[in-house]
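Visitor: give me coordinates for this.
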Amino acid sequence: MTSMNEYRELTWQGLWKNNPALVQLLGLCPLLAVTMTVINGLGLGLATMLVLIGSNCTVSLVRNFVPNEIRIPIFVMVIAAFVTIIQLLMNAYTFQLYEALGIFIPLIVTNCAIIGRAEAYASKNPIQYAAFDGFMMGLGFTVILVLLGAMRELLGYGTLFSGADLLFGEWAASLQITVFETESPFLLAILPPGAFLGMGFLIALKNVLDKRIETMMASDTEQKSVMRARVTAEGS
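Guide: Numbers count the residues shown, from 1 in each chain. Sure, this is the predicted structure:
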């Protein structure tokens with residue numbers, strides 16, 4: 001039961017309550033820079049997720065052998081090793097996407113969300129929890145990348161999943177959806193100011209939903225208290 005509660009809490013933290021992009025506001029540089037399309041966001045998100053899972057697992061395995069004084073440099077080296085692996089794999093199998101993402105693949109090393117999870121969670125917990133934490137944090141980050149990329153691509157180009165073949169192969173070229181035709185792209189959406197505006201909208205939406213959830217929970221608690229009081233009064 002304790003194990004299920006831990007997995008449930010990690011899911012809630014990674015996807016919503018402590019989402020690295022929406023709440024911690026970490027990794028904003030690549031998030032805002034590459035999310036001109038859904039596929040760019042998905043590619044960077046998947047790369048970040050794999051690095052998170054790999055580094056969390058490794059840090060969890062060696063946590064009892066790393067001296068406390070040098071733990072941060074060791075964690076950075078572990079993260080850099082996994083980033084290098086992902087970089088080489090993308091260079092070999094998704095070269096065009098690798099070129100599109102450019103410097104932001106190696107810059108995953110400096111993503112504070114990754115070193116933060118290694119230090120705050122993976123270094124203190126068993127490997128199964130550390131791996132799941134890396135997966136959920138990476139998934140939360142990827143979801144925001146994809147949502148922001150979808151907003152900007154749709155408003156800017158009128159399409160969705162443009163360039164899917166860069167990530168999934170030639171067969172995926174048919175996945176592109178053209179919502180509307182445009183002779184000139186909507187520059188505000190595809191330039192950096194559009195990324196900031198889109199991110200602000202997502203954060204505002206989350207805050208509104210959080211308030212509604214909080215209000216519903218408070219109302220539910222109040223109703224349960226009233227029901228308990230009635231039952232007690234009837235019993236006496």
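Visitor: what's the most centrally placed residue in the chain in contact with, if anything?
Guide: Nearest residue to the geometric centre of the chain (C-alpha atoms, centre = their mean): F141, 0.8 Å. F141 makes contact with 19-21, 27, 31, 45, 48-49, 113 under the criterion C-beta atoms under 8 Å, 6 or more residues apart in numbering. C-beta here means a position set from N, CA and C on the backbone, and glycine is covered the same way.
Visitor: quick one: low-confidence parts of this structure?
Guide: Low-confidence segments of the chain, defined by pLDDT under 70: 1, 233-236.
Visitor: in helices only, show me the contacts of F141.
Guide: 31, 45, 48-49, 113 (DSSP state H).
Visitor: now E183: how far from Y157?
Guide: Per C-beta to C-beta, to the nearest Å, E183 is found 11 Å from Y157.
Visitor: so which elements touch the longest helix seen in the chain?
Guide: If you go by DSSP H, the chain has its longest helix at helix 192-235. Applying 3 or more C-beta pairs under 8 Å, 6 or more residues apart in numbering; DSSP states H and E, we find helix 192-235 packed against helix 28-34, helix 127-157, helix 187-190.
Visitor: how about the last one: buried residues?
Guide: Using 16 or more other C-beta atoms under 10 Å as the burial criterion, the residues of helix 187-190 that qualify are 189-190.
Visitor: separation between the residue nearest to the centre of the chain and N56?
Guide: Applying C-beta to C-beta to F141 and N56 gives a distance of 13 Å.
Visitor: on that earlier part again, what about E183 and Y157, which has more around it?
Guide: Neighbours per residue, other C-beta atoms under 10 Å: of E183 and Y157, the larger number sits with Y157, 20 against 4.
Visitor: quick one, what contacts the more buried one?
Guide: Y157 neighbours (C-beta under 8 Å, 6+ apart): 37, 182, 185-186, 190.
Visitor: need the max-distance pair from those residues.
Guide: Across the contacts of Y157, the longest distance by C-beta to C-beta is 14.7 Å; it joins T37 and T182.
Visitor: between the two, point out the one with more neighbours.
Guide: T37 (26 against 13).
Visitor: contact partners for the closest residue to that one other than its chain neighbours?
Guide: Computed as C-beta to C-beta, 6 or more residues apart in numbering, the closest residue to T37 that is not its neighbour in sequence is E153, at 4.6 Å. E153 makes contact with 36-38, 159-160, 162, 190, according to C-beta under 8 Å, 6+ apart.
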